[in-house]
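Enquirer: Sequence isn't available, so here's the structure alone:
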């Protein structure tokens with residue numbers, strides 16, 4: 001009877017060890033998934049940061065272009081650019097059929 005109890009206890013110990021091994025494998029797999037997710041998150045954050053930097057750069061370019069456009073319009077409005085005015089008149093005549101060609 002004592003031998004039977006010992007065998008039953010040994011079987012329970014083996015089952016517990018097998019369960020523990022399975023749990024450890026699952027834990028290791030979960031940790032690996034977490035590492036992959038963390039790497040993906042870091043990559044996404046880096047891409048987002050780069051996109052924000054690019055957006056800021058493009059916004060600055062847009063603002064500079066708008067400022068140049070305003071400055072050019074102000075120059076034309078002041079009559080400082082006679083050549084530009086003559087060019088504008090030539091552009092107005094294009095395609096209306098009154099060119100002596």
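Expert: Ah, there it is. Quick caveat: nothing in here was measured; it's all calculated off a predicted structure.
Enquirer: if I pick residue 56, what's in contact with it?
Expert: With contacts taken as Cβ atoms under 8 Å, 6 or more residues apart in numbering, residue 56 has no neighbouring residues. The way it works is simple: take the backbone N, C-alpha and C, and place the C-beta from them, glycine included.
Enquirer: State the distance from it to residue 49.
Expert: 11 Å (Cβ to Cβ, to the nearest Å).
Enquirer: Work out the gap between the longest helix anywhere in the chain and the centre of the chain.
Expert: Criterion DSSP state H: the longest helix present in the chain is helix 2-77. Its chain's C-alpha centre and that of helix 2-77 lie 14 Å apart, by Cα atoms, centre = their mean, to the nearest Å.
Enquirer: who touches both of residue 56 and residue 49?
Expert: With Cβ under 8 Å, 6+ apart, residue 56 and residue 49 have no common neighbours.
Enquirer: Quick check: mean pLDDT of the longest helix of the chain?
Expert: Average pLDDT, helix 2-77: 97.
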